[in-house]
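Colleague: Predicted coordinates and the sequence they were generated for:
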Amino acid sequence: MARSATGRPTDLELKILKVLWDRGPSTVREVMETLAQQRPAGYTTVLKMLQIMTGKGLVRCDRSQRAHIYRSRDTRERTVTKLAGDLLDRVFDGSASQLVLHALEHRPTTPDELAEIRRLLDEYEGRRR
């Protein structure tokens, strides 16, 4: 995924956001060490990404201490909602049914997952009434 001027995170930026959501406010070193558990990540790479993310408005930086503290600007839920809405609009022309159908047809779905999807749909319909 290429860098976006709209504030939409790239794949690496999403990984960093996930670290910040899970850990909470963190230093560059803390983010780097957490990312390194999945794949090697250099300090300067993580620092540069956090600087870019600050410029894009994805994270905030507290510079009041020697080790700068980064935190996500939006919650995980808000970011997921924005990304899902963007995908829905750009790829599926706003059709939620096409998105769901595509997801179900292209990934193995267990009977338990289908039951959970049905339960969530029922719950969603109940809230809309």
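Modeller: Great, that's in hand. Keep in mind the model is a prediction, meaning the values are calculated, not measured. Numbers count the residues shown, from 1 in each chain.

Colleague: Report the separation between the closest residue to residue 34 other than its chain neighbours and residue 87.
Modeller: Excluding the flanking residues, the one nearest residue 34 by C-beta to C-beta, 6 or more residues apart in numbering is residue 19, at 4.6 Å. In this view, the C-beta of every residue, glycine as well, is placed from N, C-alpha and C. Remark: distance between residue 19 and residue 87 (C-beta to C-beta, to the nearest Å) = 22 Å.

Colleague: ok, these two, which is more surrounded?
Modeller: residue 19 (23 against 11; other C-beta atoms under 10 Å).

Colleague: what helix or strand is that one on?
Modeller: Following DSSP states H and E, one finds residue 19 within helix 11-23.

Colleague: Remind me what that helix packs against, helices and strands.
Modeller: Here helix 11-23 touches helix 28-36, helix 43-56, strand 59-62, strand 69-72, helix 76-92, going by 3 or more C-beta pairs under 8 Å, 6 or more residues apart in numbering; DSSP states H and E.

Colleague: can you do 7 Å?
Modeller: If contacts are counted by 3 or more C-beta pairs under 7 Å, 6 or more residues apart in numbering; DSSP states H and E, helix 11-23 sits against helix 28-36, helix 43-56, strand 69-72.

Colleague: Verify the contact between residue 92 and residue 101 for me.
Modeller: No - counting by C-beta atoms under 7 Å, residue 92 sits too far from residue 101 to count as a contact (9.4 Å).

Colleague: If anything else comes up later, I'll come back, but that's it for now.
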